[in-house]
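**Student:** Prediction below, plus the sequence it came from.
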Amino acid sequence: MAATTSTEDTVPSARHLNPRVRAGLDVARAAAAVYVVLHHTTAGPLAVLFSFGQEAVLVFFLLSGFVIFANEHERVMRPGGYYLRRLRRIYPPMLFAMLVSTALWATGLIEAEFTWQSLVGTLVSVQDIAFLKPGVISDPYLGNDPLWSLSYEVFFYLIFPLVMILWRRSRSATRLLVPVVAVVAYGTFLVWPNHLSLVLAYFVVWWVGGMAAHLYLDGRLTIKDAAPELVGIGSLVVTTGVGVVAYGFAGLGYFPFLILRHCVVVFALFLLLLTPVRHGLAALSYRVARPAAAIAGVSYGLYVVHFPLMVQTGAMATWWYVPALVITVGVAWIADKWVPSLMPRAPRD
């Protein structure tokens, strides 16, 4: 059996997924984490190859939806254990990363503006990157920009039990309703830019990952059976395209085109997952499962600590790159493995 990173918080148990799929999840997590790091630390002509860091974050969203649905769809109705598991997973590494940023800032190793708004905003998970889109409540703490996505992830975790109440009553209605709510939410965002509308619109990205898990576990991961999600994401693509027409084009990486770009990429990734290509990718992943599992095991830690340690310190542009990378991996291990262990474990059932 391939090496994996099976824990209560990450990879589903063997009764849900075969080893090749588990290996595929590890490879995807590892690749996304490495890509984000290279996106922020690569300069010169090669930087063009790593220009899609936010798309790598969308891969994390899809993987998160897949894994959480596969792990939690039966026990989410016991919210005490569910929320403790999610809290234990996402907050300790994030808080540790904030401590790392604070230490670097206090010692003058990074230049960043401290604001109470960004501190409180990050702690309560409403942070985003203000210069990329309107309606942002606060920027990430001390300029650690990758933390923007955690406000979305926390929101997805929070509303998943509520969505599953509807799911238990009618699966087909829920699968139709989630995309409709996303389209309406983004339409609201276009009229009145606000953080809540945007994260609610993005929930469909996470939900698509969850529905991939649902269809996979039912043995129905086909284009026909995934029609509600394909139509839903397609409708959101159209809505975000309307936003580009309404607001005008401000750049590939800025609102409103940025949101359209995200939706198109999610549609393409989900469609690819529904084709036989996934079998080849799973087989290939199985061959590199062990090293991928090692990276995947600290992927979240790498994500939250690499920016202050490698980018904000300027190490990426000096001979300190390699030592800083080694330090970053070590700190990521502490953030991802040791810090969460300080919290009490949540019940599995």
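**Tutor:** Thanks, I have the structure now.
**Student:** Show me where the stretch 101-250 of the chain has its strands.
**Tutor:** Per DSSP state E, counting those that start in this stretch, the stretch 101-250 of the chain has no strands. Nothing in it meets that criterion.
**Student:** now the helices: where do they sit in it?
**Tutor:** Per DSSP state H, counting those that start in this stretch, the stretch 101-250 of the chain has helices spanning 116-123, 148-169, 171-191, 195-217, 227-247. These are given in chain order.
**Student:** Which pLDDT does the model give Trp207?
**Tutor:** Trp207 is assigned 98 on the pLDDT scale.
**Student:** which ones are touching the closest residue to it other than its chain neighbours?
**Tutor:** With C-beta to C-beta, 6 or more residues apart in numbering as the measure, Val178 is the residue that lies nearest to Trp207, at 5.0 Å, once sequence neighbours are left out. C-betas here are computed from N, CA, C, even on glycine. Contact partners of Val178, counting by C-beta atoms under 8 Å, 6 or more residues apart in numbering, are Val163, Phe203, Val204, Trp207, Gly232.
**Student:** and the next element down the chain from the lowest-mean-pLDDT helix or strand in the chain?
**Tutor:** Taking all helices and strands of the chain together, the one with the lowest average confidence (mean pLDDT, DSSP states H and E) is helix 277-287, at a mean of 88. Scanning forward in sequence from helix 277-287, with DSSP states H and E defining helices and strands, the next element found is helix 289-296.
**Student:** quick one: the following helix or strand past that next one to helix 148-169, angle?
**Tutor:** On the C-terminal side of helix 289-296, the closest following helix or strand by DSSP H and E is helix 299-306. Helix 299-306 and helix 148-169 are oriented at 150 degrees to each other (axes from the mean of the first three to the mean of the last three C-alpha atoms, to 10 degrees).
**Student:** got any ranges where the chain has weak pLDDT?
**Tutor:** Within the chain, the stretches falling below the threshold (pLDDT under 70) are 1-16, 346-349.
**Student:** hmm, try it at 80
**Tutor:** Within the chain, the segments meeting pLDDT under 80 span 1-17, 344-349.
**Student:** circling back to that earlier point, who does the least confident helix or strand of the chain touch, helix- and strand-wise?
**Tutor:** Helices and strands touching helix 277-287, by 3 or more C-beta pairs under 8 Å, 6 or more residues apart in numbering; DSSP states H and E, are helix 19-41.
**Student:** Please compute how far the helix it packs on lies from its chain's middle.
**Tutor:** 12 Å (C-alpha atoms, centre = their mean, to the nearest Å).
**Student:** Stretch 84-102 now?
**Tutor:** Shown here is stretch 84-102, whose average C-alpha point lies 15 Å from the average C-alpha point of the whole chain (C-alpha atoms, centre = their mean).
**Student:** ok, residues contacting that stretch?
**Tutor:** The contact list for stretch 84-102 (C-beta under 8 Å, 6+ apart) reads 8-10, 68, 72, 110, 112, 122, 141-144, 147, 150, 153-154, 157, 300-301, 304-305, 308-309, 312, 331, 334-336, 339-340, 342-347.
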